[in-house]
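A.B. asks: I'll drop the sequence and a predicted model, then ask my questions.
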Amino acid sequence: MRSARELAAHATSETGLTDFGDPEALETLAVLIDELQRVGLSDFGRQRLEGFLFDKLCVRLRLLDMHRRHSDLAAQQISAPIFIVGLPRVGSTLLHHLFAIDHQNRVPLRWEMMQPFPPPETTTYTTDPRIALEDQALAPLAQNSPEAFAMHPMGAAFPEECMHILTGHFMSSVFMALTGCRNFDEKMRTWDLSGAYEFHRRYLQLLQWKCPGAPWVLKTPMHTGHLSAITNVYPDARFIWLHRDPAEVISSWCQLTIGMQQRHVETVDLAGAAADKVDEWHWHVTAGQQARDAWPSQDRILDVGFTDFIADPVATMNQIYGWSARTLSDDLAASMQDYVDHPPYQRGGYAKDPSRFGLDAAAVNERFAQYRIRYSDLLDT
């Protein structure tokens with residue numbers, strides 16, 4: 001794999017641009033590449049990740065150039081965004097999709113995050129040719145990883161996790177999910193991600209510049225461990241924390257991500273990879289709890305149990321709208337219920353047995369004992 005310096009030079013040659021902004025980004029990229037080299041990437045993994053990182057460098061250069069050339073872009077306000085947080089595999093994808101049914105909400109779609117130039121426009125938002133291009137780009141992934149597509153539905157016009165935005169600052173859980181690069185993930189836990197979320201804010205400004213909407217509704221589980229960085233950049237941010245039994249969550253997350261690791265890395269130790277994921281998400285929920293406990297008020301966060309949400313998603317949406325001082329109309333509620341009853345994708349099963357990955361459910365629950373006690377009324381216990 002080429003070095004950060006070589007990839008940056010290639011991106012400069014490709015775009016004709018030279019300013020990467022905050023030097024932290026390229027410094028982080030250098031650390032990331034060093035750690036990726038250590039995990040033993042497969043030929044496929046090396047080729048895919050090098051292309052991925054190059055693409056993110058080009059996007060970064062173009063985004064910062066747009067901000068320099070357009071003062072009205074930098075003046076865009078991102079007001080009271082809502083972040084969906086919590087462990088992975090807790091129903092956040094369905095929740096995100098339901099928010100997208102209300103077109104007053106601004107929910108990032110996959111095509112605009114992956115191909116943001118030129119910035120999306122309201123008049124062509126549902127007909128932009130990049131939608132078809134992104135679906136074409138997804139086709140090989142759907143063919144090679146059908147289980148992943150069943151567990152996490154992906155489509156160009158579907159809402160998607162904004163961890164893909166954070167990859168432009170090279171601080172994202174994407175890399176842990178694809179390669180299991182534990183050392184990099186552990187380093188990231190010690191960093192202040194405010195710079196990454198500042199890049200995230202600039203990205204949202206671009207996306208809403210010619211296609212406005214409010215509030216932004218954003219989601220990715222990695223937000224959970226970085227609530228302080230988020231509120232540094234978005235002081236009026238609000239949060240919905242979804243809760244589910246950790247043993248079930250870890251089993252499902254292992255099933256989704258270890259398959260991806262096996263394509264990107266030559267050798268994967270199943271038990272070791274699963275143990276790493278227990279550590280990863282224990283850190284996130286612990287850091288998230290500590291951050292929220294430091295807030296003077298808990299009014300900015302709503303806790304929602306997975307079981308209650310799945311039992312009646314529309315009732316939960318009504319609760320959420322009330323919490324955010326909005327009203328869920330009867331027409332919207334009916335549209336959301338129709339979506340629940342007739343989703344535009346097929347969902348697959350997932351593993352609920354941690355032993356499949358060398359984990360003991362009792363040991364996992366013991367590791368998350370503090371979390372399970374604190375949210376016992378919201379968990380399947």
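C.D. replies: Happy to help now that I have it. Residues are numbered from 1 along each chain as shown.
A.B. asks: contacts, neighbours, all on C-alpha from now
C.D. replies: Noted.
A.B. asks: By mean pLDDT, flag the weakest helix or strand of this structure.
C.D. replies: Lowest by mean pLDDT, DSSP states H and E among the helices and strands of the chain is helix 146-151, with a mean of 71.
A.B. asks: quick one: low-confidence ranges for this protein?
C.D. replies: Residues of the chain that meet the criterion pLDDT under 70 lie in 347-354, 380-381.
A.B. asks: run the last query once more with 80
C.D. replies: Of all residues in the chain, those with pLDDT under 80 make up the ranges 141-152, 346-357, 380-381.
A.B. asks: Mind naming the longest helix for this protein?
C.D. replies: The residue-count maximum for a helix in the chain (DSSP state H) belongs to helix 43-69.
A.B. asks: Just give me how far that helix sits from the chain centre.
C.D. replies: From the chain centre to the centre of helix 43-69 is a distance of 18 Å (CA atoms, centre = their mean, to the nearest Å).
A.B. asks: which residues are contacting the next helix or strand along the chain from that helix?
C.D. replies: On the C-terminal side of helix 43-69, the closest following helix or strand by DSSP states H and E is helix 71-74. Applying CA atoms under 8 Å, 6 or more residues apart in numbering, the contact partners of helix 71-74 are Met66, His67, Arg202, Gln205, Leu206, Trp209.
A.B. asks: if I pick the fifth one, what's in contact with it?
C.D. replies: I take that to be Leu206. Leu63, Leu73, Pro116, Pro119.
A.B. asks: Tell me how far Ala334 lies from Trp283.
C.D. replies: Look at Ala334 and Trp283: by CA to CA, to the nearest Å, they are 39 Å apart.
A.B. asks: what about those two, which has more around it?
C.D. replies: Looking at Ala334 and Trp283 with other CA atoms under 10 Å, you find the greater number of neighbours at Trp283, namely 17 against 13.
A.B. asks: Okay, strands next: where are they in the stretch 1-150 of the chain?
C.D. replies: Secondary structure of the stretch 1-150 of the chain, counting by DSSP state E, counting those that start in this stretch: strands at 82-86.
A.B. asks: if we can go back for a sec, in the longest helix of the chain, what's buried?
C.D. replies: Along helix 43-69, the positions that meet the burial threshold by neighbour count (16 or more other CA atoms under 10 Å) are 45-46, 49-50, 53-54, 56-67.
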